[in-house]
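*Asks:* using only what follows, build the 3D model:
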Amino acid sequence: MDPAANRRRRRLLIAAIAGGLALLLLIGLGMYGLLRGPGTNEPDTEGSIQPAGTPVPSAGAPSSPKPIPPLSDPAEFARQVGQALLTWDTSSGLEPSDYAQVLADAADTTEANALAVDVRAYLPNSEAWAQLRTYQTRQWLTIDSVVVPEAWTTAEAQAAPGQIPRGATAYTIEGTRHRTGIWGTQPVEASRPVSFTVFIVCTPPAPEFRADLCWLLRLSALDNPLR
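*Replies:* Here you go, the predicted model:
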């Protein structure tokens, strides 16, 4: 099959997922189809850190983005995506775009542009980043669970043949988001529970993709995952 035609077919199938899941699960569920982004790009001020006097190093978050390794295990791939999505360090000299690139490198090309919008909603914008940098703020995630949500299982069972792309699945991640920084001259930490859903595909049908590897499709809104 012509690769361009195959990619167009993939886009139609992804759109079909969004429509099919919405019809199946809209009532009583906070449903996020693969074509719906995660809401707003407003910076998260909860747990923010007061401006620093003298920067004090804090442990926990790495100082540079960690690439998502090539993986064929969908649950482990989802775990790695979750870590990359919520791990950053304003004192590293990097920008939000550097952390977003880690997710872009793991994206399925058919959804790369839409995924970029999803990822930006999770990262501070430039103004918020500059402010957080004065606090020497770092962030990372500890994961408690990575599970296929019941809503996705129901959708798979009720979907028509070909409605969901081969190898596509969803994992809901629950864990704790940690932030550290400086309050005056004292190191402080803030944390809160978070949850979100990642949509991935691990059996790419197009011949230009590497076989037996997982790729990232879309993200739900933070704290509004599939259940």
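*Asks:* hey, where'd the strands end up in this structure?
*Replies:* For the chain, strands defined by DSSP state E occupy the ranges 88-89, 138-147, 168-183, 186-201, 215-219.
*Asks:* could I get those strands as CSV with distance to residue 128 and mean neighbour count?
*Replies:* Every residue, glycine included, has its C-beta placed from N, CA and C. Formatted as CSV, the strands of the chain follow (distance: least, Cβ to Cβ, whole Å; neighbours: other Cβ atoms under 10 Å):
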stretch, distance to residue 128, mean neighbour count
strand 88-89, 12, 26
strand 138-147, 12, 17
strand 168-183, 13, 21
strand 186-201, 15, 18
strand 215-219, 19, 26
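*Asks:* residue 115 is nearest to which of the ones you listed?
*Replies:* Closest approach to residue 115 among those is made by strand 215-219 (5.9 Å; Cβ to Cβ).
*Asks:* to residue 106, which of the strands of the chain lies closest?
*Replies:* That would be, of the strands of the chain and by Cβ to Cβ, strand 215-219, which comes in at 4.9 Å.
*Asks:* helices and strands around the closest one, which ones?
*Replies:* Using 3 or more Cβ pairs under 8 Å, 6 or more residues apart in numbering; DSSP states H and E, the elements in contact with strand 215-219 are helix 74-85, helix 112-122, strand 186-201.
*Asks:* list the contacts for residue 79?
*Replies:* Taking Cβ atoms under 8 Å, 6 or more residues apart in numbering, we find residue 79 in contact with 143, 146, 173.
*Asks:* pLDDT wise, what is it at?
*Replies:* Per-residue pLDDT puts residue 79 at 98.
*Asks:* got it, and the one 5 residues further on?
*Replies:* Reading off the confidence values, residue 84 has pLDDT 97.
*Asks:* so the residue nearest to it when sequence neighbours are not counted versus residue 67, what's the distance?
*Replies:* Of all residues not flanking residue 84 in the chain, residue 102 sits nearest, at 4.8 Å (Cβ to Cβ, 6 or more residues apart in numbering). Distance of residue 102 to residue 67, computed by Cβ to Cβ, to the nearest Å: 6 Å.
*Asks:* comparing the two, which residue is more hemmed in?
*Replies:* residue 102 (21 against 12; other Cβ atoms under 10 Å).
*Asks:* can you pull the contacts of that one?
*Replies:* Contact analysis of residue 102 by Cβ under 8 Å, 6+ apart lists 65, 66, 67, 68, 84.
*Asks:* looking at the contacts of residue 79, which is nearest residue 78?
*Replies:* Taking Cβ to Cβ as the measure, residue 78 lies nearest residue 146 of those, at 5.4 Å.
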